[in-house]
Structure formats: structure tokens, C-alpha cells
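Undergrad: I would like to see how this sequence folds:
(chains A and B, ligands or ions: 2)
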Amino acid sequence: MPASSHSEISAIIDANEQQILKEWLEALRQGASLETGRIKEPELNTQAKGFFSHLRGALREGGLDVRSRGYETLRSFLAEVSRTRALKGYSPSETAMFVFSLKRPLFDAAAKSADASAAAQRGWEINQLIDELGLQTIESYQKVREEVILRQQSEISELSTPVVKLWDGVLALPLIGTLDSARTQVVMENLLQSIVDYGAEIAVIDITGVPTVDTLVAQHLLKTVAAARLMGADCIISGIRPQIAQTMVHLGVDLDVTTKSTLADAFAVALQRMGRTVVDVDSIAGRTAR
Amino acid sequence: MVETPAETLPISSGEDVVRVRQAVRLRCVEAGFSLVDQTKMVTAASELARNTLDHGGGGSVLVETIHLGNRRGVRLTFQDSGPGIPDIARALQDGFTTGSGLGLGLGGAKRLTNDFSIESTPGQGTRIMIARWKLT
Ligand SMILES: Nc1ncnc2c1ncn2[C@@H]1O[C@H](COP(=O)(O)OP(=O)(O)O)[C@@H](O)[C@H]1O
Ligand SMILES: [Mg+2]
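TA: Residues are numbered from 1 along each chain as shown, chains lettered A, B, ... in the order given. Ligands and ions are numbered 1, 2, ... in the order given. The predicted model follows:
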């Protein structure tokens, strides 16, 4: 009788709808879907009821074959639920719980309304069905997360690298991340424009946040330094960690500029060149008091 | 201790080069490399991955953890079916480039690693193997 399996599951659902829904919502609540406050009770109710009515339509039109056309509406409904949850920062398991927590109530209803062997058969079918739907939920979740990651990647690479004014005539360019060519171009243009805008004499390029300095990165740095020089500004490169310094020596790269291990050291050099210095307030106070 | 099995990564875009660096970094950490050794190996990998992409027209890299007695190391084998390198000695000279780079990548990668070998047939492709051992 496999042909009628789905109609029997439909019958179980019809006969126990209120009870199943109640238990499911209870399970969802306990699964902390509400606790964290990311989903409000009414929204959860609507989602559960919506799922239920789509499930009945799907069983009617598609039987137990989750990949069939009859399940299209249910699948896109689930995709939307996953999407909302993915965007709200739910974990994959929290998202999949939406479907999986329906298993128990459906099992219980099946056990009640059939003889033992039929109940076992229905139980197995329900198990299969919910597992498949759960997997679909995770797949949609994954897809949305990937979209988010791609979007963030391009946002990060477009993030205009800020040029910071440290002092009159002194700019800092803190570089963070991978210096691929597209982004390096933007960085270079920003720095040159800022040098003009501020009439800067010294630009500190800080590479503390650049994980790897290979010959391509070195070449980008060299070009930036050379262009800055043409604009009348001297560069200092800071944030060269010991392991980076050693590696650059082996590569045979000579940056041909002043380099400092920290931004603070570079700032001190910049001030000195501008004829300024940082002093201890107490030492001045002491002198003027006398 | 569980060891990551050997893996082959594609090199056909700038993002792939980033991924190769990340995989090599993880592999070196797992092999117990110091920060300096990690950085040297990752930088050598970056140079050769970039060459595979820019000069070799794309290819792949085999990333492996290797053992010799009780020494552990990381070995990378870059492979492409590009134009090949007609004069390897010349390509290894500092400052030699047929592109617009600094011409320091190949020689640099050799200096940054313990083992280095190139096989290249003009018109057929290039295979470069590097390895670095954990200093004990
Ligand atoms: N995989 C490769 N296929 C073909 N030619 C290569 C390959 N790798 C390196 N070369 C040749 O060796 C030269 C030197 O390489 P390298 O030292 O990395 O300098 P760069 O990449 O800056 O040109 C390249 O310009 C190129 O002609
Ligand atoms: Mg190169």
C-alpha cells in the first residue's frame, strides 16, 4: 500500500492538527527560538501554521517525494524561513530545529491513530520526510550564508582605506588584510589625494594588519612610496614584525625607506623630522614652577 | 595526533592564491613550525602560487605533510601546463622577469625553503617543488 502512505499521513495530520501544532510550538519554544528574542511568538506561530498548510498541500500533490513539483511551494516557504534565520544570525542547527522538532509530535500522532505495524511504517515515512525537509533547510541556510560572505568580501575590499591625520603634516595609512591589486590601487589613490588635501610632508604606512608581505605586496608598497615622493611627501613604513623583516631579507626586497617596527616609533620619527617632540608634562611643570 | 591528509588546491584566480596561503599556514601550524618558519613557507607559497597563475596560466598545488625519521615538514608541489621556463638558471636570477614583477619570487622562494626543485619543459609546463622542515 505504499501508494496511499501519503494520504494516511495526511489523515493523521488532519485528525490531530491542533494537538500536533500545539506540541510543535511547545518544542520550538523550548528549543530557545523565542528565548533569544530574535523571533517573536506571533512570527513563530505564523511560520508553523504556514508550514503546516503547505505540508498538507505538498502531501496531496507530491506524495512523499520531497524533490517533486508538488513540494515546490513548501520548499520555497522553507527556504524563506531559513533565509530569515540565517540573516538573523541563527546557527545551522537552530535553523534546522524548526523542521526537526516537528518529528516528535508527528510520531506521537501516528502512534495514536494506527495499529502497531502501520504505526511503525508511518513513523519511518515521517522520519524520512522530515529528514529530507531538514536537509533542504540547511542547504538554503548555507546558500544564504554564502551570499552574505560574498557580499561582505566585496564590501570589505571596497571599504575605502582611511587615511588618518596624526599631526599637522603627518598622515597615517593603516593597511589591513590582503593587498590584492584592485584594492592597492584604491589605497594608493586615497593616500596621494590626502597628501595633497592636507599638504602632508610625512606619510606613515602601517602594515601591522597585512599577514603576508611577498614580492607583489612589496612592489605595491614601493610604487606607493615613489608616488608619494613625487607629491612631495616622505614615507615611513611601520608595523614590520620580526618574522616579516626576516622573510623580506630572504626575498631580497629593499624597500628603500625608513622602516619602524611600530606605528608609535614611526610617529616619533615623524615628529622629530617636523621639529617637534613629545615630553613628559611633569618635567615641564617642574621647570616652569622653579 | 590527527594529521590533515594531502590535498590538491586549484590556482586559477587571485582568491585561490589567498586560499593557498591559508592552507599552507594551517599546515605549517599543524607541523609545529615557529612563527618565522610559518611566515617563510607561506611567503614562498605565495610567490609560487602567483607565478603559477600569472606566468603558468593557472594550475594547482599539492599540499602535504612529510616525515623523515622523526622530523616533520611541509611540501608543496606547484604544477601548470603553461609555456614553461626555457632558461631556469636565468629565471632564478634576482631581478629577472619576463613580466612586470620584481623578478625576486623564484630565487626568493628557493632561499626561503630547505628543498627546492624545478622541472620545466618549454611548451608543456612547469613543476616546482619546495619543502621546509621543522627545525628540531
Ligand atoms: N610557472 C611558470 N611558468 C612559466 N614561467 C615562469 C613560471 N614561474 C616563473 N616563470 C618565469 O620566471 C621569471 C621569474 O619569476 P619570479 O622570480 O617569480 O619573478 P616575477 O614573477 O616577478 O617575474 C618570470 O618572469 C617568468 O618568466
Ligand atoms: Mg613571481
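
Undergrad: Quickly note the distance from the spatially most central residue of chain A to residue A:182.
TA: Compute the mean C-alpha point of chain A, and by C-alpha atoms, centre = their mean the closest residue is residue A:149, 5.2 Å away. Distance of residue A:149 to residue A:182, given as C-beta to C-beta, to the nearest Å: 18 Å. All C-beta spots, glycine's among them, are computed from the backbone N, C-alpha and C.

Undergrad: Just give me the neighbour total for the residue in the stretch 1-150 of chain A that ligand 1 sits nearest to.
TA: In the stretch 1-150 of chain A, the residue that lies nearest ligand 1 is residue A:150 (29.0 Å; C-beta to the nearest ligand atom). As a burial measure, residue A:150 scores 10 neighbours (other C-beta atoms under 10 Å in any protein chain shown).

Undergrad: so where do the strands sit in the stretch 151-290 of chain A?
TA: In the stretch 151-290 of chain A, the strands defined using DSSP state E, counting those that start in this stretch lie at A:164-167, A:170-176, A:202-209, A:234-238, A:258-260.

Undergrad: other SSEs contacting the third one?
TA: Based on contacts counted as 3 or more C-beta pairs under 8 Å, 6 or more residues apart in numbering or on different chains; DSSP states H and E, the elements that strand A:202-209 packs against are strand A:170-176, helix A:181-198, helix A:215-230, strand A:234-238, helix A:263-273.

Undergrad: Can I get the strands of the stretch 151-290 of chain A in a markdown table including distance to residue A:245, mean neighbour count and mean pLDDT?
TA: Shown next, in a markdown table, are the strands of the stretch 151-290 of chain A (distance: least, C-beta to C-beta, whole Å; neighbours: other C-beta atoms under 10 Å in any protein chain shown; pLDDT from 0 to 100):
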| stretch | distance to residue A:245 | mean neighbour count | mean pLDDT |
| --- | --- | --- | --- |
| strand A:164-167 | 23 | 14 | 94 |
| strand A:170-176 | 16 | 21 | 93 |
| strand A:202-209 | 11 | 22 | 95 |
| strand A:234-238 | 11 | 22 | 97 |
| strand A:258-260 | 8 | 18 | 95 |
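
Undergrad: got those as TSV, with distance to ligand 1 columns?
TA: Shown next, in TSV, are the strands of the stretch 151-290 of chain A (distance: least, C-beta to the nearest ligand atom, whole Å):
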stretch	distance to ligand 1
strand A:164-167	32
strand A:170-176	21
strand A:202-209	20
strand A:234-238	20
strand A:258-260	22
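
Undergrad: Any idea which of those strands gets closest to residue A:111?
TA: Closest approach to residue A:111 among the strands of the stretch 151-290 of chain A is made by strand A:170-176 (58.2 Å; C-beta to C-beta).

Undergrad: gap between the closest one and the chain center?
TA: 26 Å (C-alpha atoms, centre = their mean, to the nearest Å).

Undergrad: Secondary structure element holding the residue nearest the centre of chain B?
TA: Per C-alpha atoms, centre = their mean, the C-alpha nearest to the average position across chain B is that of residue B:45, at 3.8 Å. Using DSSP states H and E, residue B:45 falls within helix B:35-54.

Undergrad: Please see if the worst-scoring helix or strand of chain B on mean pLDDT touches chain A.
TA: Every helix and strand of chain B was ranked by mean pLDDT, DSSP states H and E. The lowest is helix B:14-30, at a mean of 93. Yes - counting by C-beta under 8 Å from any C-beta of the partner chain, chain A has neighbours in helix B:14-30: B:14, B:18, B:21.

Undergrad: that's a strand at the residue nearest to the centre of chain A, yeah?
TA: No - the assignment for residue A:149, made by DSSP: H, G, I helix; E, B strand; the rest coil, is helix rather than a strand.

Undergrad: Against residue A:143, how distant is it?
TA: For residue A:149, the distance to residue A:143 - C-beta to C-beta - is 11 Å.

Undergrad: residues from chain B in reach of ligand 1?
TA: B:47, B:51-52, B:55-56, B:80, B:82-85, B:91, B:96-99, B:101-107, B:126 (C-beta under 6 Å from any ligand atom).

Undergrad: repeat that for 8 Å
TA: Residues of chain B lying near ligand 1 by C-beta under 8 Å from any ligand atom: B:47-48, B:50-52, B:54-57, B:59, B:78, B:80, B:82-85, B:91-92, B:94, B:96-109, B:120, B:125-126, B:128.

Undergrad: Return the subset of these lying in strands.
TA: B:59, B:78, B:80, B:120, B:125-126, B:128 (DSSP state E).

Undergrad: Name the residues of stretch A:270-285 that are buried.
TA: Neighbour counts over stretch A:270-285 (16 or more other C-beta atoms under 10 Å in any protein chain shown) mark A:270-271 as buried.
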